[in-house]
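Peer 1: Output the structure for:
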Amino acid sequence: MHDYKKLQVWQDAVDMAVLVYELTGAFPKAEQYGLTSQLRRSAVSVPSNIAEGSGRNNPGEFDHFLGIAAGSSYELETQLIVSSRLGYSSDTEIDKLLDKLNVNQKMIYKLKSKLVKR
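Peer 2: Take a look at the predicted model:
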């Protein structure tokens, strides 16, 4: 078991989720149950799966949940791109989030590779 709260990858993913909530607060009300909800769920899924995997019984299970977290991060990336194309936020804001997200994705894969080497 890992203390997930000490993992930088988890901390950064939580920060990303907060930024997504702030970003989507300005989205059109018509998107409340659409893109806003999807973005928020995928953003929260990333750190949630890192946390859940860290509490599992073995490195293989942790690796599995890191894979789910990575998948959610790519879902989030796609939704941010759609948001940008719809003009719901400035390209600058979206690009900043995408840059942070790409760093987090690399961190997830680095942690996965460390687990596999065990």
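
Peer 1: residues contacting the nearest residue to Glu52 once chain neighbours are set aside?
Peer 2: Nearest residue to Glu52, sequence neighbours excluded (CB to CB, 6 or more residues apart in numbering): Phe65, at 5.3 Å. Backbone N, C-alpha and C define where each C-beta goes, glycine included. By CB atoms under 8 Å, 6 or more residues apart in numbering, the contact set of Phe65 is 49-50, 52-54, 56.

Peer 1: again, only this time at 6 Å
Peer 2: Residues in contact with Phe65 (CB atoms under 6 Å, 6 or more residues apart in numbering) are 49, 52-53.

Peer 1: got those as a markdown table, with neighbour count columns?
Peer 2: Shown next, in a markdown table, are these (neighbours: other CB atoms under 10 Å):
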| residue | neighbour count |
| --- | --- |
| Asn49 | 23 |
| Glu52 | 17 |
| Gly53 | 24 |
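
Peer 1: Tell me how far the residue nearest to Glu52 lies from Ser48.
Peer 2: Distance, Phe65 to Ser48, using CB to CB, to the nearest Å: 9 Å.

Peer 1: Check Leu23 too.
Peer 2: 19 Å.

Peer 1: So between these two, which is more surrounded?
Peer 2: A side-by-side neighbour count of Leu23 and Ser48, using other CB atoms under 10 Å, places Leu23 first with 22 against 19.

Peer 1: Give me the below-cutoff pLDDT ranges for this protein.
Peer 2: Residue ranges of the chain with pLDDT under 70: 1, 118.

Peer 1: try 80
Peer 2: Within the chain, the segments meeting pLDDT under 80 span 1-2, 116-118.

Peer 1: what about the helices in it?
Peer 2: Along the chain, counting by DSSP state H, helices occupy 8-24, 35-54, 59-85, 91-117.

Peer 1: Mind checking these for the one nearest to His2?
Peer 2: helix 35-54 (4.0 Å; CB to CB).

Peer 1: Who are the packing partners of the closest one?
Peer 2: helix 8-24, helix 59-85 (3 or more CB pairs under 6 Å, 6 or more residues apart in numbering; DSSP states H and E).

Peer 1: now the ones you listed in TSV, with distance to Ala30?
Peer 2: As requested, the helices and strands packed on helix 35-54 are arranged in TSV below (distance: least, CB to CB, whole Å):
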stretch	distance to Ala30
helix 8-24	13
helix 59-85	13
